[in-house]
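Enquirer: dropping the sequence and predicted coords here.
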Amino acid sequence: MKPTGVIFFPAFDWAISPTHPEREERLLYTRDQLFEEGIMDMPEVREYHPRLATARDVSRVHFCVPDVESRVTEAHMVSAGCAMVMADAFAQKEVKNAFAIIRPPGHHAMTVVHGNRGFCDINNEAVMVEYLRRTYGIRRLAIVDTDVHHGDGSQEIFWHDPDVLFISFHQDGRTLYPGSGFTNELGGPLAYGTTINIPMAPKTTDEGIHYIMDNLVLPMLDEFKPELVINSAGQDNHYSDPLANMSFTAKGYAILNQKLKPDIAVLEGGYSIETALPYINMGIIMAMAGIDFSNLREPDYDPSRFKESAKNMDYIRSLVQQQLANFRGREKVVEANRKQDREFYGTSRSIFYDTDYLQEEQRLDLRMCPDCCGYRRISSSCAHRSGRNYSVYCICLPAACCPACAERALSDYEDMKKKAGYDHVYLQDRINDDYRTFETKTGQETVVED
Amino acid sequence: MKNMLIGIDVGGTYTDGVLFCEGSVLHSVKHPTDAGDLEGTLLFVLDALLTHAEAKDIQRIVLSTTLVTNLLATGRGERTALLLLPGSGLPFSAYRISPDTWFLKGGIDFRGRQIEATDARQIEEALRKIHDSGIERIAVAGKFSNRNDAHEKAVKELAKSRYPHMDVCISNEISGRLNFPRRAVTCYYTAMTIREWNRFADGIEAAIAARAPGVDVHILKADGGTTTLEASRTRPCETVFSGPAASTMGTLALSRESLNAVSVDIGGTTSDISLLIEGKPLYASKGALIGGHLTHIHSFAVRSIALGGDSRVYEESGKLKVGPTRLGPAACFGGEVPTVTDAFNLLSGLNLGDPKASRAKLEPVASGINESVEGLCRKVADHVIGTLDRNIEEMFGLWEDEPAYKVWEVVNRRKFELHQVIGIGAAAPAIVPMLADKMGVGHFLHRYSPVANALGAAVARPTLAVEVHVDTQRRFYTASPGGLSGTVDKRNYQLEDARELARHCLEELSRERGLSDYAGEAHVYLEEQFNVIRGWEQEGKLFDVGIQVAPGFIHEYKGVA
């Protein structure tokens, strides 16, 4: 039997600020627990060493303003690199599954990056997904985001991608950051129903979450048939987490992973650094490696402490029915959308960067292609912390696009280079793995290298 | 004048000894090892060396022996009970260390807080069963005992009071590092070998006192440093794998350059490969592997491959075979069958022993595989060089693949760039130059290469590493080895204070172990500090500081003449 790959990167020399939840100490007690248990010495586990993601790896997903080097910290580059190490280990069949216990996290980072949102610069899972697709030809994936916060970054990145099933369960957005992730957020017009949100009431317990797993998440995965399942493994649904209000336990997390059987799990949030993380991380490794976790429990664990209320179970049951129906009806909706005979579908919105206090204004246009998922054009402006205002134009050409979209996207890029009004014009051409930046002021084009 | 040094390395096949004085090997001895009587073998070699020196001139004798390694590797150690206090976490079935294992209640967490109390009645019952089974050696290990060893101590006290004749070892006194299974194994092996080691130490001590009274007697450890015979009595496990350690120290003693090098010790049956990174030997990051278990014993990262100068060269179904067996010395030295050394002898015109004998014995093998003798020799050489090269490359890869836990470690990661191949052991002169050529670097051989192991033992200095863990919120510190602990009361405790504490602990331990001469050369090798923040307020700090006298050479050693 192949081992479970584990990469442990606690970034002991990086913090957002000395007292911030995302600080050096965050994985210290997890380190103590994992090392003291000696779980990395077991034949069921193989430990890997980190590497840096390259600017090209990041550009496959993000438009970093003005560029990757000046926008993304080294810590985030290592964190994303670690996820890619796990992707390699899994895709090259060295391991049966893999768990990246890494910080900083990534699931709040969106396509365009002006700064840090929800402790994230870049999206570790998304960088890993596009790397897997590029390197190993994988196309269809599922991401199950088990963080207590809505994975709004991952949702935004895969919103128009019908080949990525993004499922996020989280504490109801009316009660917690980032305030999104409601049931009506179901994906773009050509990728409708492959984004599924499961907002849960505060205090939801193991029982409620496992009902959702058994009756919604697992059936959807079964029907979607992804080539690979990723767990965006936040740990802040735990009853002791200081930033959220749920009642999940370490054993609950272990059982969840036993059911989900993720091919790759990537740590996201979780800020109960002493009372929860050491035990949840152990539990996830044990579940993925097939090690009996019945002797694992938090010091203050009491099985009789949390009972799911009948009222909440009723809510959960109706939520599951509703989302299952949305998921199962998705192809019809996409079909209807395609027949609307619109050349472009456009939306505008405003994005807040909580860590850096930035406000981004964005306009997105999706080509309503009759043959593929379409390409995207994004114009975005934002005043950075430096005081400088950046106005940029981004063209995103997914690898699954048809030749007509590809031709159109490339000619859009050439046209935009000639126009004034934007500081930078970016091209993200995933078909040719070609990423370019054009600086209008100097007329200089930069090709992103490794 | 007390200026003579003696080093004796008891190997699996041979025991080597040197008498060293002011840069020169005055005399060396090679004698077959009698595995059944290591003491006799040692004393034979010692006596042979002493015939060339006045006993009063001997300053220090360093011994490297395979006693503990043999006991553990062959499974001949006495039955030993293991009492584990694992608390919550891995299933108990994960701990397959001793067939006589008892699990006890009691839990401690990473901050040293008690999660679950011990149960005196349960301990008593386990002890009674152990006693009833006729077991007299007990190892006790608790998870996170390195942060709080109250439970381990309670078990030990109870055992000592009920059964005073038993040997009881507790894990935190052996090692204070994180990794409970490795601590448990190291403690278990200590309890298993402590009596035999002490018996051996008694014998050696008396025998040496009779021959050379007042001489310092040191034992070489797996980390390439020495410890006094007296201090080794409580920590016999540190003496494992001292043979490869002796060779590596010998390499360093001879080359003394800060290069990235690979040291290849080519013996009769095996070759040991170790890496030097900027002149410093590479350690096994997970500790020594003994009997299939990782331990907390600090040892060099040495890769042993079953290929040596005496590996036989033969033909089987028309195919060339090289080793792994050894049927005797090379044909050129009067052996019955042709060996790797014979092939290199002809190929490189080395003129070892009787080259005609090499040719005569190789000829039938050559015709068996339809080759000229020269062609055969080249094939043997390709196989040997290829095997060594492949293993060396794999070691580089493993070194580069070590986990890293800090951003700067990843950003500043370097590739291993080799500068030199250093050859030691009797067959090295034949093989190492060609290996270095293949790897595109220079080679280093020394006239003392064949006795580098004993020389390494003779001139190695004592080593000692101390690690302290300070928790200012909970106001305590622990230090290892030895299981020291105490309180910290100072307000505004800083890294500087933790460093001072570590240095103080090292000095104390050095004094206890008779190693004070070298305490001043200690350097800090580990420094971590974390703020303990609760609810956006700082409530304390955690420090981990490691300080060590690293492997090196005694003050008297100034290089070879």
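Expert: Yep, it's here.
Enquirer: burial count for the closest residue to A:Met86 other than its chain neighbours?
Expert: Excluding the flanking residues, the one nearest A:Met86 by C-beta to C-beta, 6 or more residues apart in numbering or on different chains is A:Ala98, at 3.8 Å. C-betas here are computed from N, CA, C, even on glycine. Using other C-beta atoms under 10 Å in any protein chain shown, A:Ala98 has 27 neighbouring residues.
Enquirer: what mean pLDDT does stretch B:376-383 have?
Expert: For stretch B:376-383, the mean pLDDT works out to 94.
Enquirer: and stretch A:234-247, by the same measure?
Expert: 95.
Enquirer: would B:Ser263 count as being in a strand?
Expert: Yes: assigned with DSSP: H, G, I helix; E, B strand; the rest coil, B:Ser263 falls within a strand.
Enquirer: okay, the nearest residue in space to it that is not next to it in sequence: pLDDT?
Expert: Residue nearest to B:Ser263 in three dimensions, not counting chain neighbours: B:Thr251, with 4.2 Å by C-beta to C-beta, 6+ apart. We have a pLDDT of 92 for B:Thr251.
Enquirer: tell me how far B:Thr251 lies from B:His298.
Expert: 18 Å (C-beta to C-beta, to the nearest Å).
Enquirer: okay, those two: which has more neighbours?
Expert: B:Thr251 (28 against 21).
Enquirer: what residues are up against that one?
Expert: B:Ser263, B:Asp265, B:Ser274, B:Leu276, B:Ile422, B:Ile424, B:Ala452, B:Gly456 (C-beta atoms under 8 Å, 6 or more residues apart in numbering or on different chains).
Enquirer: quick one, helices of the stretch 151-300 of chain B?
Expert: Using DSSP state H, counting those that start in this stretch, the helices of the stretch 151-300 of chain B run over B:171-174, B:180-211, B:229-232, B:242-255.
Enquirer: enumerate every residue touching the residue nearest to A:Gly234 when sequence neighbours are not counted.
Expert: In space, and not counting its chain neighbours, A:Gly234 is closest to A:Asp147: 2.2 Å by C-beta to C-beta, 6+ apart. By C-beta under 8 Å, 6+ apart, the contact list for A:Asp147 reads A:His107, A:Ser168, A:His170, A:Ser232, A:Ala233, A:Gly234, A:Gln235, A:Asp236, A:Asn237, A:Glu268, A:Gly269, A:Gly270.
Enquirer: so what's the residue lying closest to the first one once chain neighbours are set aside up against?
Expert: Put plainly, it is A:His107. Spatially, and ignoring its direct neighbours in sequence, A:His107 is nearest to A:Gly151 (4.1 Å; C-beta to C-beta, 6+ apart). Contacts for A:Gly151 (C-beta under 8 Å, 6+ apart) come out as A:His107, A:His108, A:Ile143, A:Asp145, A:Phe166, A:Ser168, A:His170, A:Gly181, A:Ser232, A:Glu268.
Enquirer: so which elements touch the helix or strand that contains A:Phe8?
Expert: Using DSSP states H and E, A:Phe8 sits in strand A:4-9. Where contact means 3 or more C-beta pairs under 8 Å, 6 or more residues apart in numbering or on different chains; DSSP states H and E, strand A:4-9 is packed against strand A:45-48, helix A:74-91, strand A:97-102, helix A:277-289.
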